[in-house]
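Peer 1: Just the structure for this:
(chains A, B and C)
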Amino acid sequence: MADAWTIARKDLVLELRSRERIVAMLTFTVLVAVIFSFSLGPAVRAQDVAPAMIWVTIIFAGMLGLGRSFSLEKEEDALAGLLLAPVSREAVFVGKLAANFILLIVVVAAVFFAFALFFPISFRGAWVAGGAVVVLACIGFMTLGTFFSAITAHTRLGDTLLPVLLLPLLIPVVIFAAGATERLMAGRPASEIQGPLQMLLAFDLVFLFVCTLLFAFVVEE
Amino acid sequence: MDSDAASDDSFSDQTMTTQPTRAADGTDQSLAGVRIWATIFGVLGLVVMLISLWMVFFWVPTERLMGVVQRIFYVHVPSAWIAFLAFFLVAICSALYLWLRDDRLDAISVAGAELGVIFTTIVLVTGPLWGKIAWGAWWVWEPRLTLTLLLWFIYIGYFMLRGATENPERGKRFAAVLGVVGAFNIPLIHMSVQWFRSLHPQPVILRPEGPAADPAIVQTLLVSLLAFLLIFFSLLLFRYAAERLTRRVTALRLAVERGEREPRTVS
Amino acid sequence: MVSEAAVEAVRLEKWFGPIPALRDVSFSLERGTFLTIFGPNGAGKSTLLRVLSAATRPSGGEGRILGHPVGTGGGAWRERLGVLSHRTFLYGDLTARENLTLYGRLYRVSDLADRVEAGLEEFGLARRGDDRVGGFSHGMRQRLALARTLLHDPEVVFLDEPYTGLDPHAARVLRRTLERLRDGKRTVLLVTHNLAEGLELADRTVIQVGGRWVHDAPRDRTSAAAFADVYTDRVAEALA
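Peer 2: This next block holds a predicted model:
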């Protein structure tokens, strides 16, 4: 676990230095919020569509940053260096995943902030439930996202292939996260989102397990 | 260690199983056995398919509520089950491939995934044909139809991933990994789209308390399923044999080309 | 423990499709030996190092480092192996010091800060320690990569064409380092196609062609010119 944190911290330091991913993701987020507010006609109640838009924005912004996660390892073949070190492959995966997750959480905060700025929406006091939805959904998203960005980094198409592979697999995350967010923002009681929360948790556990185990096969030469 | 890594990518086309040394020992060169079984299944499948078509069009009574359009169900449902069988096969063979690295397992996965895509395509075509009349719309975001559509996308991605990987060994590994992850995702997608909304006619055959439909309908469906199953295995074996032979030809061609360029390095 | 070989190969095979990169390579390398493997391009020399460091799977056979079978996982034997590749494995947006610290942590180096300073000092990078590697010249990166390889004081060192593209200063640093490794009784496996550089420090010389070892002998006192004749003969024989 210490190795995973060493690798995650390395990724975060790299990101703090270059800021290339975070800037791209944040700019994208704000632009999407602006474009949505222009594209919605006056008859549409923003509250009705905002939860769906929020999650679409998060998924696309997240995908924007994922491509870089493993391409930065390939520049001087540093991934090969990490793999030659006495570090378990599982630790490398968890480290990359943790860095991507932290980065995404920053972006998610910005997404909610931008949408709250442009549209009359809020969690209506259900901050704990809302936070749980966000954290669980982002873990699931980044588990599959990190895993597949490692795969697509080794293909000819690179980042172009990432959404094609990732989006169908992320449908459960999108459905449960957007559904739960919608209910919370409509002021429904937190008990109503228990089902989606459990499903998000199940998704996270299944893929944390499966992807961590299979990662060794992805990075093997 | 780069110069060799670069040559790895351009030349690594086959696993050990297709090395000239092994291929030359004469075992199962033409995959004749596989092709004989494929032919047997194919002939049987066509016979049963004719019987099932006769049953569908002349024997089984028209379902009272849905009318004649219900007959599409004898194609739609077996196709869906076969598609799931195919993806299940892909998942099993993929996991085994990662463990054993036997090229044959990868060839079965390729054949299975292609057939899975074909049968999901049949489901996606017949579903809306039925839906237009039953629901009044070509496409409805109905859970099982949605699940089929997403599966279709996942396994289209499976082939794009293979095609986009320059090193074929790596492509096989990536595809196997996706085959396993995709299979784990199927129940989760199913539950999520179920939660999303439901319009599909409730299962009438697979119910705990036993089939609820007219026995004639069930019998027709079972004959139809048998026909699809036989044809599926026939196509699977043919496709598998074709895949293996293609790989052998590629390996031999590479060996020959290499032999002409540097005739003395291959002993 | 002491009697076991530093590096062992048992019938190693590596095929890329129908093309062999390693064919039935078996050897045992005593601890403290400096082995140089010569061979023309495409002989599978780099592949041998990659298989022995478990960067890639062999098609058959087994490699062992200090008695441990190498597997593609992150086994503890990796702590005792240092690998210098063509690529530096460095992060351009980290400073020299940060790069070394990162790898030092992963290799569980004790007194890490001191080792990092010593490494920077030894390879003439002390003044540039806080500069990002992205701005370094090729020679400086190579020196830093060498510092990274040796940071955890490995018992076995693999070097793949280390002289390629080095300026005279970096080449001098490298030669001094190799001498130090030999005198410190480290086991070194050096791969090169340059006869002069490879012969200088070798205890044992091997010529690999087409994935096979066609010559394996202790380095005698013959001159470089005499070895060059042997090399030309063996390569020609193997290709005939």
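Peer 1: What separation is there between A:Leu165 and chain B?
Peer 2: A:Leu165 sits 4 Å away from chain B, taking Cβ to the nearest Cβ, to the nearest Å as the criterion. To be clear about C-beta, it is placed using only N, CA and C from the backbone, and glycine gets the same treatment.
Peer 1: Report the beta-bridge partner residues of C:Arg64.
Peer 2: C:Glu8, C:Pro69 (DSSP bridges).
Peer 1: Just the helices from chain B, written as ranges.
Peer 2: Counting by DSSP state H, the segments of chain B that form helices are B:2-11, B:20-23, B:32-54, B:73-100, B:103-134, B:143-164, B:168-196, B:215-261.
Peer 1: Need the pLDDT of B:Gln202.
Peer 2: Per-residue confidence at B:Gln202 stands at 58 (pLDDT).
Peer 1: Also C:Asp131?
Peer 2: The per-residue pLDDT reported for C:Asp131 equals 90.
Peer 1: One more: the one 4 residues further on?
Peer 2: The score at C:Gly135 is 90. That number is its pLDDT.
Peer 1: which bits of chain C sit near chain A?
Peer 2: Taking Cβ under 8 Å from any Cβ of the partner chain as the test, the list of chain C residues beside chain A reads C:50, C:53, C:55-57, C:72-79, C:81, C:83, C:85, C:87-94, C:98, C:102-103, C:105-108, C:132, C:148.
Peer 1: Give me the buried subset of those residues.
Peer 2: C:50, C:53, C:55-57, C:72, C:74-75, C:77-79, C:81, C:83, C:85, C:87-94, C:98, C:102-103, C:105-107, C:132, C:148 (16 or more other Cβ atoms under 10 Å in any protein chain shown).
Peer 1: Just to be sure, which of those are found in helices?
Peer 2: Secondary structure assignment by DSSP H places C:Arg50, C:Glu98, C:Leu102, C:Tyr103, C:Arg105, C:Leu106, C:Arg148 of those in helices.
Peer 1: Mind picking the two most distant members of those residues?
Peer 2: Across those, no pair lies farther apart than C:Arg50 and C:Glu98, at 26.9 Å, counting by Cβ to Cβ.
Peer 1: where do the strands sit along chain C?
Peer 2: Here chain C has its strands, by DSSP state E, at C:7-16, C:19-29, C:34-38, C:60-65, C:68-69, C:81-84, C:156-160, C:187-192, C:204-209, C:212-218.
Peer 1: Tabulate the ones you listed (CSV), appending distance to C:Phe123 and mean pLDDT.
Peer 2: As requested, the strands of chain C are arranged in CSV below (distance: least, Cβ to Cβ, whole Å; pLDDT from 0 to 100):
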stretch, distance to C:Phe123, mean pLDDT
strand C:7-16, 25, 88
strand C:19-29, 26, 88
strand C:34-38, 20, 91
strand C:60-65, 25, 89
strand C:68-69, 29, 87
strand C:81-84, 12, 92
strand C:156-160, 15, 92
strand C:187-192, 17, 91
strand C:204-209, 27, 89
strand C:212-218, 31, 85
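Peer 1: For C:Gly139, find the nearest of the ones you listed.
Peer 2: Shortest distance between C:Gly139 and these, using Cβ to Cβ, is found for strand C:81-84: 14.1 Å.
Peer 1: centre of the chain versus stretch C:190-198, how much separation?
Peer 2: Using Cα atoms, centre = their mean, to the nearest Å, the mean C-alpha position of stretch C:190-198 is found 11 Å from that of the whole chain.
Peer 1: How about it and chain B, any contact?
Peer 2: No - looking at stretch C:190-198 against chain B by Cβ under 8 Å from any Cβ, there are no contacts, and the closest approach is 8.5 Å.
Peer 1: Tell me the buried residues in that stretch?
Peer 2: Within stretch C:190-198, the residues scored as buried using 16+ other Cβ under 10 Å are C:Leu190, C:Val191, C:Thr192, C:His193, C:Leu195, C:Glu197, C:Gly198.
Peer 1: end-to-end on that stretch?
Peer 2: The first residue of stretch C:190-198 is 7 Å away from its last residue (Cα to Cα, to the nearest Å).
Peer 1: what about the helix or strand hosting A:Phe113 and chain C, any contact?
Peer 2: Counting by DSSP states H and E, the secondary-structure element that holds A:Phe113 is helix A:89-118. Yes - judged by Cβ under 8 Å from any Cβ, helix A:89-118 comes into contact with chain C through A:Arg89, A:Ala91.
Peer 1: same question for whatever helix or strand comes next after that helix, mean pLDDT?
Peer 2: For helix A:89-118, the succeeding helix or strand toward the C-terminus, using DSSP H and E, is helix A:127-152. For helix A:127-152, the mean pLDDT works out to 94.
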